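K.L.:
Return a 3D structure for these sequence lines:
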Amino acid sequence: MLTLIRRIGEEIYIDKGKIKVTLLFQKGELIGVGIKAPRSIDIDRKEVFIRKCIAQHELEKKKKQEELAASNT
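P.N.:
Predicted coordinates:
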């Protein structure tokens, strides 16, 4: 993991500038982060990412069960 130290208002560029991360504010222990990236790149908070992974896993599991049931008939 790359660790960087930045001040509020400073930016970090990723993938030759395709993704820009800006530190917006600090309020107590919270830090506001702005991310500008192409629409083709998914950006999620951890809890949203986990929900999406679980939903995708359930969808794949259901599809396999349906394919298995169809092949048995």
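K.L.:
in this structure, which ranges drop under the pLDDT threshold?
P.N.:
Counting by pLDDT under 70, not a single residue of the chain qualifies.
K.L.:
I'd like the distance from the longest strand along it to the chain centre, please.
P.N.:
Taking DSSP state E as the criterion, the chain has its longest strand at strand 19-27. Centroid displacement of strand 19-27 relative to its chain, using CA atoms, centre = their mean, to the nearest Å, is 16 Å.
K.L.:
Repeat that for stretch 22-36.
P.N.:
Worked out by CA atoms, centre = their mean, stretch 22-36 lies 17 Å from the chain centre.
K.L.:
May I have the longest strand of the chain exported as CSV, CA atoms only?
P.N.:
Coordinates of each C-alpha in strand 19-27 appear next as CSV, following Å, rounded to 0.1, in the frame of the first residue of the first chain:
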residue,chain,number,x,y,z
ILE,A,19,-8.5,9.6,-11.6
LYS,A,20,-8.1,12.7,-9.4
VAL,A,21,-8.5,12.5,-5.6
THR,A,22,-8.9,15.7,-3.7
LEU,A,23,-8.8,16.1,0.1
LEU,A,24,-11.7,18.5,0.7
PHE,A,25,-12.0,18.9,4.4
GLN,A,26,-11.3,17.5,7.9
LYS,A,27,-13.9,17.7,10.6
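K.L.:
ok, and what's touching that strand?
P.N.:
6-14, 31-38, 41 (CB atoms under 8 Å, 6 or more residues apart in numbering). C-beta coordinates here come from the backbone N, C-alpha and C atoms, glycine included.
K.L.:
Which of those residues fall within strands?
P.N.:
11-14, 31-36.
K.L.:
now the residues you listed in a markdown table, with distance to His57 and neighbour count?
P.N.:
Shown next, in a markdown table, are those (distance: CB to CB, whole Å; neighbours: other CB atoms under 10 Å):
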| residue | distance to His57 | neighbour count |
| --- | --- | --- |
| Glu11 | 35 | 12 |
| Ile12 | 32 | 14 |
| Tyr13 | 33 | 11 |
| Ile14 | 28 | 13 |
| Ile31 | 31 | 12 |
| Gly32 | 32 | 11 |
| Val33 | 28 | 11 |
| Gly34 | 31 | 11 |
| Ile35 | 26 | 12 |
| Lys36 | 30 | 13 |
